[in-house]
Structure formats: C-alpha cells, structure tokens
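Visitor: Take a look and give me a structure for this.
(one chain, ligands or ions: 1)
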Amino acid sequence: MCGIVGLVAKDNCYSRILSTLGRLEYRGYDSAGIALLSEKGFSVRKKKGGVSNLAGEPLAGKTGIGHTRWATHGAPSDANAHPHIAGKFALVHNGIVENYAALKAELLREGETFLSETDSEVIVKLIARAYRGDFFAAVSSVCARLEGAYAIAVLCEDCPEEIVCAKYRSPLVAGVSCDALYVCSDAPALSGEADAIAAARDGEFIHIRDGKITFCDREGNRLERAFTPVTEQERMRDRRRGTFMEEEIFDIPRALSDTLAALRRTDFAPCARAMRSAGKVFAVACGTAFHAALAFKDTVEREVKIPVLCHTSSEFRYRDPLVGKGDLVVAVSQSGETADTLEAARLARSRGAYILAITNVARSSLASLADFSVAMRAGPEIAVAATKSYNCQLLCLYYVAAELCFFRHTRYPAYMAELSALPAAATAAFGTFSAMDSLAQRLQGAQGMYFLGRDADVRTAAEGALKVKEIAYVFAEGYAAGELKHGTLALIEDGFPVLAVATRADLFRKTENALEEVRSRGAYTALFSQCEAISESCADFKCRLPAVCEALMPIIAVIPLQYFALRMCALRGYDPDKPRNLAKSVTVE
Ligand code: F6R
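Guide: Below is the predicted model of the structure:
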C-alpha cells in the first residue's frame, strides 16, 4: 500500500528519489517524505499530502530513502509521515507490524518516547537500540522479532553510501543503472531510472554497500540473484490524457492485443496434469479481480461442465475451505501483491493444491509462489480503479477455460476463433463515450443506482457498480435482474437510476422486462446491449454496444461503464486516480 525507495547515486539523489516517489504515489498518497544522508548527517523533509509537497530546495546527500504513505497506524500527518528517525538511523516501511503494540510497550517501559503513532517508528527504535557497530546485524536481529509484513529500507549515519533493506510479505526489488543503485517497492516505478531489476523473496535482505547490491539471508550470507533488463511490459508509458484512468481505458485495445499475443505464445503443457485431473477447481481473488473470477466460473461451468468454487480471497483463507491435494486453484490479481489473495494461494498450496496465477506483474509475489503463471500484458496500471487489467483478466481466464476444455477433452469453445476481434471491438466501444458523458451529466446528482444483468452480465453490472462507488462516491449495487422483485424493488422511486446490461439475446426480453418493471415505478432506465432488439426498447437511455460473440461480450460491455464512472467522477469534481481511502496495491489484510 505504501511505496518505498532507496538510492545511492553520485548526483541528483533528491530529484531522483522525488521522481521515483511520483511514480510510486499510486500506492498511497496520504503523506510523503525523504531523508538524505550526507557528512552532516540526515536531512529530512516529510509532509502530509502528496509527493508534490516535497518540492523545494534539494536536500544534500548521495544516499537517501523516500516514502509515500497509505495510513494504517496513525492519521495522515507530518509526524506520521516516513522516514522515521531514531539515533543514527532513518527508516521507511511498507507493511504492518502486527506485534507492534507489544514491542512499543516494551520500548516505553525502557524509557523510549515516540514522535509518531506509527508501527514503523517501533522498528527504527529497535534498530537503534540493537546497534553495536554492525549495521546489517542490527537490522537483521530486529527483523527476527517482527510479525506481520514489511519491506524496509534503512540508513545509518555511520555508514555513508550504504542501505540495508529487508523483505517479508511486502514487495521489494533492487535496480541498477550506470550511476545509481536502487531499491524500490515495484519495478515500474524504476522505469527510466534502472536498467536491470531483481526481486527479493520473503525473508531476504538487500544490502547496498561499496557500490554494489547484494542479496543475502539473515546471517548476511550472499544469495545469487540475476538482474534482468526492465521489460517493455514494466515500463511506464507517458501519459497523454488528463488522468491515468482515462489513459488506461484508452489503452484497452493495445492491452488486449498484447495479452492475446502473449497467451498464444504460452505453453500450457506444464499445467496439463493439474488441468486434466484436478479434483476440484477454485478461483480466488478480490474486488475487480473477483468479478473476473466469477466470469471464469460462469465460463468453465458452461464450457467444461465442471463446477468452479469461487471465493473472495479474504473469505477463502478463514473458512477452512475444502481445498486439497490435486485441486486446481486459479488466483487472479492484477498486482500479484494483494495480501489476501497471496495468503489464499499459500493456504491452498500448503494443502497440496496446484496454483495457477493470472497476474499483470511478472515479478510479483503471486507469480513467484504459483506453480504456473499466466502473465497479462496490460502494462502498468497506475489509476487505483482497475480498468484495462479487468478486460485482460477476462481474456486470460476465458483462454484458461479453453485450455481446461482441451486437457479434459471437452469441445473447444467456439469463442476461441473470435478472440482476434476483441481489440477492434474495444476501440469501437469508445464510440459510446459521448453518450456516456451525457448519461453521467444526467445522473451526476444521483444518491444511488442499480446495475442489473443476468448470467455473465451480472458480473459486468457488479463491476460497473464498483467503479461508480470507488471513484464517484455514489452508492451503487450490481444485481441479478431476476432478484429485483425479492426486496430491492421497494427502493425504486421517481428518478432512481437503474442501468441494465443485456448481452445474451435469449435473455434480452427478460432483462428488459425487469427494466420495464422499475420504469413503471418511476425509475430512470438505461439499457446496454449489442442485440438488435435494443432499438425497440422503451428504456429512457439506450447504448448500442459493439458486437462480438456473446461469450466474449463481458470484455467489451464493461468499457462504456468504466468510462461512465470516470465521467461521473469528473463531473462530481473528484480525482479518479486517487480515490479517498483507497490505494492500488492492497498489501495488508
Ligand atoms: C477496483 C480495484 C480493486 C482491486 C482489488 C484486487 O477497481 O482496483 O478492487 O481489484 O484490490 O487487486 P489485485 O487485482 O491487485 O489483487
């Protein structure tokens, strides 16, 4: 959730950290801070609010750390902003120290005082107390006492041009360029800075010293780690539109096209055994990725005729799931760092299940713990609200469903012959955007709204509703059209907006009937469909979707809804890239 960076560089240390923090800001934007180490000791600038608040006279030093925060312990404030300082040490932290209260009580008993309410300050206090002249040993010994999740970068005044970092259940990579050495929460934030990257694994340390980066275990024993070039996929693209979310929506055709090309190159043979003989098939994910997982369930049950047990990751891990040896668990996560999804996958793995990951980040924790990983090619997604990654998740999951058909000798799905049509159809969906703008203008003052659908369209409805809640701050619910009469109808009154998605021709009339029922009770109705019959519909607002085969329509039908949410957000005066209370990568439970 927070972003951390550490840097040893000959020059421009401050501005490099600042620009890296700018690229990390999507991970949290409550407060930001930088500490630089020079012969005069630490210079620190930290402020509540965004990274832009740190601009000003550059601080001096060739070694530095920086942080962008998503508050867990303690409200956003200058004092709670990182870095935290104790004695000769400065520290930035991403994660949660679950036993911080006990550790803090111990420190208070010993007479320590605290400047912040954070769990992170406890770590740096412990390091300062553990220090006996060996910087690495002090950090390592303290990490052995921490429970929870952490990626930390620490500076020591006795050790110029040295940074000690540790990783456990929060992401951390190291990067090198011709004149600088980096550590950072993610690879895309180092684009334009580092030429090659290597990711740390849980329990590992990264030690920058004597102009070199070393990966080591807790005793300081060197671990071999290959640095590989920053890939095209990891590179952040220049933003040409006003917001990242808009940029990312307009990137959907490219993302689909690249993902499809990558899927066609993927050899699924290593999955053959798991796919052929899996006793049970599970799908686990959170948020938007969960809607994609539900669409996977629909598709596999329809095409492969086997049940899929689909769970939100946070529920899966605490309900003693019926997962066991020989089961196949499909874990879906854009970031590959979502704590609940990682824990769900770890739990399933510990019980002998085979983990197939669908993720957008090839170097992510999920990709490295999975038995097999299907890499989406959405490219870095910076806006907090997922858009292009959802379209690509659906594509990957439909592809995986087809592989299941193949390995289980079921008829290969007809939609596989139609995949190439997706990028052009996504581009055609942009043609609905001016109508979405009008719809948003009409509904911008709404207090709430329903999104309806049947079968796969319920997933699209749920995803549309999530986007509206997330960035426009309007209550919205995605609902099965057939469920309306079982309670929800009571909420319908004059002008209440009900948006329905109807992409299955055989169910079109049924969804339309539901819309008629709310319309006759005063609701304002909008209908989204590619079916011819939409032209005769009485809905107050009609959106004709570009047509692809029905099975693939969820990939296209969601695009106008994503844009509608974006316009609602803009018209209501909010920033879609930084919705309140949220952060992109939910690396804490
Ligand atoms: C919604 C959104 C979140 C994420 C969820 C899972 O727009 O972005 O609901 O989908 O936090 O994140 P990943 O896919 O990274 O596991």
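Visitor: May I see the buried residues of stretch 80-96?
Guide: Across stretch 80-96, burial judged by 16 or more other CB atoms under 10 Å covers 80-86, 88-96. For the C-beta atoms, the positions are set from N, CA and C on the backbone; glycine is no exception.
Visitor: Among those residues, which are located in strands?
Guide: 84-86, 89-96 (DSSP state E).
Visitor: Among those residues, which one lies nearest to the ligand?
Guide: For these, the closest approach to the ligand (CB to the nearest ligand atom) belongs to residue 94, at 15.0 Å.
Visitor: and the nearest residue to the closest one once chain neighbours are set aside, what is it in contact with?
Guide: Excluding the flanking residues, the one nearest residue 94 by CB to CB, 6 or more residues apart in numbering is residue 2, at 4.1 Å. Residue 2 makes contacts with 27-28, 67-70, 82, 92-95, 185, 583, as judged by CB atoms under 8 Å, 6 or more residues apart in numbering.
Visitor: before we move on, the earlier item: just put the ones in strands among the buried residues of stretch 80-96 in a markdown table and tack on distance to residue 482 and pLDDT.
Guide: Listed next are those as a markdown table, based on distance: CB to CB, whole Å; pLDDT from 0 to 100:
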| residue | distance to residue 482 | pLDDT |
| --- | --- | --- |
| 84 | 54 | 97 |
| 85 | 60 | 96 |
| 86 | 60 | 96 |
| 89 | 61 | 98 |
| 90 | 58 | 98 |
| 91 | 54 | 98 |
| 92 | 51 | 97 |
| 93 | 48 | 96 |
| 94 | 44 | 94 |
| 95 | 43 | 91 |
| 96 | 41 | 89 |
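Visitor: picking that back up, which pair in the buried residues of stretch 80-96 has the greatest spatial separation?
Guide: Spatial extent of the buried residues of stretch 80-96 (CB to CB) is set by the pair 88 and 96 at 25.4 Å.
Visitor: What's the local residue count around residue 240?
Guide: 8 (other CB atoms under 10 Å).
Visitor: what's the closest non-adjacent residue to it?
Guide: residue 247 (6.6 Å).
Visitor: same deal with residue 567?
Guide: With CB to CB, 6+ apart, the residue lying closest to residue 567 is residue 440, at 3.6 Å.
Visitor: List phi and psi for the closest residue to the ligand within the stretch 101-250 of the chain.
Guide: The stretch 101-250 of the chain approaches the ligand most closely through residue 245 (9.6 Å), counting by CB to the nearest ligand atom. The phi and psi values for residue 245, taken as degrees, to the nearest 10, are phi -60, psi -40.
Visitor: Can you give me the neighbour number for it?
Guide: Residue 245 has 29 neighbouring residues, counting by other CB under 10 Å.
Visitor: State the distance from the residue nearest to residue 94 to residue 25.
Guide: Residue 2 sits 10 Å away from residue 25, going by CB to CB, to the nearest Å.
Visitor: joint contacts of these two?
Guide: residue 68.
Visitor: hmm, back to that, contacting residues for the residue of the stretch 101-250 of the chain closest to the ligand?
Guide: Residue 245 makes contact with 383, 385, 387, 471, 566, 576-577 under the criterion CB under 8 Å, 6+ apart.
Visitor: could I get those as TSV with pLDDT?
Guide: Shown next, in TSV, are the contacts of residue 245 (pLDDT from 0 to 100):
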residue	pLDDT
383	92
385	96
387	98
471	97
566	98
576	93
577	91
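Visitor: out of those residues, which one sits closest to the ligand?
Guide: Closest to the ligand, out of all of these and judged by CB to the nearest ligand atom, is residue 385, at 4.0 Å.
Visitor: Name the SS class of that closest one, please.
Guide: coil (DSSP: H, G, I helix; E, B strand; the rest coil).
Visitor: Surely it touches residue 578?
Guide: No. Contact criterion CB atoms under 8 Å: residue 385 and residue 578 do not qualify, at 10.3 Å.
Visitor: Give me every residue in the stretch 401-550 of the chain lying close to the ligand.
Guide: Residues of the stretch 401-550 of the chain lying close to the ligand by CB under 6 Å from any ligand atom are 466, 470.
Visitor: quick one, helices of the stretch 401-550 of the chain?
Guide: 422-429, 433-443, 456-467, 508-519 (DSSP state H, counting those that start in this stretch).
Visitor: which one of those helices is the most hemmed in?
Guide: For those, the largest average neighbour count (mean count of other CB atoms under 10 Å) is found in helix 456-467, namely a mean of 26.
Visitor: How many residues are close by residue 58?
Guide: Counted with other CB under 10 Å, residue 58 comes out at 16.
Visitor: what about it, which helix or strand?
Guide: Under the criterion DSSP states H and E, no helix or strand holds residue 58.
Visitor: hang on, it packs against residue 16?
Guide: No. Look at residue 58 against residue 16 with CB under 8 Å: they stay out of range, at 10.1 Å.
Visitor: rank the helices of the stretch 401-550 of the chain by pLDDT, which is bottom?
Guide: Ranked by mean pLDDT, these bottom out at helix 508-519, which scores a mean of 94.
Visitor: So which other helices or strands are in contact with that helix?
Guide: With contacts taken as 3 or more CB pairs under 8 Å, 6 or more residues apart in numbering; DSSP states H and E, helix 508-519 sits against strand 448-453, strand 497-501, strand 524-529.
Visitor: Can you tell me which of those is packed in deepest?
Guide: Using mean count of other CB under 10 Å, strand 497-501 ranks as the most buried of the helices and strands packed on helix 508-519, with a mean of 27.
Visitor: what's that strand in contact with?
Guide: 443, 446, 449-453, 457, 460-461, 464, 481, 492, 511-512, 514-515, 518-519, 523-529, 539, 557, 561.
Visitor: The same query, at a cut-off of 6 Å, please.
Guide: 443, 446, 449-453, 457, 460-461, 511, 515, 518, 523-528, 557 (CB atoms under 6 Å, 6 or more residues apart in numbering).
Visitor: Taking strand 448-453 as reference, get the angle to that strand.
Guide: Here strand 497-501 runs at an angle of 20 degrees relative to strand 448-453 (axes from the mean of the first three to the mean of the last three CA atoms, to 10 degrees).
Visitor: Show me how far strand 497-501 is from its chain's centre.
Guide: 27 Å (CA atoms, centre = their mean, to the nearest Å).
Visitor: What average pLDDT does it get?
Guide: 97.
Visitor: for stretch 22-33, same thing?
Guide: On average, stretch 22-33 scores 88.
Visitor: do you know how far the closest residue to the ligand within the chain is from residue 297?
Guide: In the chain, the residue found nearest to the ligand is residue 287; the distance is 1.9 Å by CB to the nearest ligand atom. When distance is defined by CB to CB, residue 287 is 16 Å away from residue 297.
Visitor: Also residue 267?
Guide: 25 Å.
Visitor: The two: which is more packed in?
Guide: The neighbour count for residue 267 versus residue 297, taken as other CB under 10 Å, is higher for residue 297 (20 against 8).
Visitor: Make sure the more buried one is indeed in a helix.
Guide: Yes. Residue 297 forms part of a helix when assessed by three-state DSSP.
Visitor: Stretch 48-60: which residues count as buried?
Guide: Result for stretch 48-60 [16+ other CB under 10 Å]: buried residues 48, 50-51, 53-54, 58-59.
Visitor: thinking again about what came up before, show me the residues around the residue nearest to residue 567 that make contact.
Guide: By CB under 6 Å, 6+ apart, the residues touching residue 440 are 564, 567-568, 571.
Visitor: Can I get the residues you listed in a markdown table including secondary structure, pLDDT and neighbour count?
Guide: Listed next are the contacts of residue 440 as a markdown table, based on DSSP: H, G, I helix; E, B strand; the rest coil; pLDDT from 0 to 100; neighbours: other CB atoms under 10 Å:
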| residue | secondary structure | pLDDT | neighbour count |
| --- | --- | --- | --- |
| 564 | helix | 98 | 26 |
| 567 | helix | 98 | 22 |
| 568 | helix | 98 | 27 |
| 571 | helix | 97 | 15 |
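Visitor: Make TSV out of those residues and add distance to residue 205.
Guide: As requested, the contacts of residue 440 are exported to TSV (distance: CB to CB, whole Å):
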residue	distance to residue 205
564	47
567	47
568	46
571	49
